[in-house]
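**Q** Give me a 3D structure for the following:
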Amino acid sequence: MTGFQKLSRAPSGVLVALLLVSAPAGFAQSRGERAAKLDVLLTELSEPGRADWETVETEIERLWSQSGSPAMDLLLRRGQEAMAAEDYAAAVEHFSALIDHAPEFAEGWNGRATAFFYMDEYSLSLADIERTLALNPKHFGALEGLAAIFEAMEQPDLAIDAAEAALAINPNRPSLQETRKRLERATGSTEL
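**A** Predicted structure coming up:
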């Protein structure tokens, strides 16, 4: 087993401490530069019919996933890997550790909300989505998740509101467009 393999199996707290001590100076792009870039990208993403919307969306999500700390980014990756492996309990543990160490990092809350959703823990998911949106009101993924929860809870009017909010930010995303059509059929509404 290599040193990296041993390190990757260490408890999250140990890794956080090690990475915080060893973080290179200037690791993170300045908050101001990142915020300005995100503003431009979100404006571009909101343009209906934009051909390169996927590229813009991917860049936004990449920037959102940068905490500014290698340790926090590692916890995020671990949570995402657990999600990909459908180990939702492990994902919740990683995202919870991330939230404990970086409560102002929206992606930790959003990741845990997603894990809770897949565990059918809608109340817990809703609470984490609320925190995600308080930290990042333009988080179209969280808004789409909110629409999915309300739809699963058979509250189509609330689901429509969440879908409309997500579509205002990201009008070209096919999954959001499909959600809108499904909700229109379910409610008989054509005003979306």
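**Q** measure Ala51 to Glu44 for me?
**A** For Ala51, the distance to Glu44 equals 11 Å [Cβ to Cβ, to the nearest Å]. The C-beta positions use only the backbone N, C-alpha and C, and glycine is treated the same way.
**Q** worst-scoring helix or strand of this protein, pLDDT-wise?
**A** Every helix and strand in the chain was compared by mean pLDDT, DSSP states H and E; the lowest is helix 3-8, with a mean of 36.
**Q** coming back round to it: Ala51 and Glu44: which is more packed in?
**A** More neighbours surround Glu44 than the other of Ala51 and Glu44, with 16 against 8 (other Cβ atoms under 10 Å).
**Q** I'd say the more buried one and Val56 touch.
**A** Yes - assessed by Cβ atoms under 8 Å, Glu44 is found in contact with Val56 at 5.0 Å.
**Q** joint contacts of the two?
**A** Arg50 (Cβ atoms under 8 Å, 6 or more residues apart in numbering).
**Q** Run a quick neighbour tally on the closest residue to Leu38 other than its chain neighbours.
**A** Leaving aside its sequence neighbours, Leu38 sits nearest to Leu63 (Cβ to Cβ, 6 or more residues apart in numbering; 5.6 Å). The tally of other residues near Leu63 (other Cβ under 10 Å) stands at 14.
**Q** pLDDT wise, what is Leu63 at?
**A** On the pLDDT scale, Leu63 is placed at 96.
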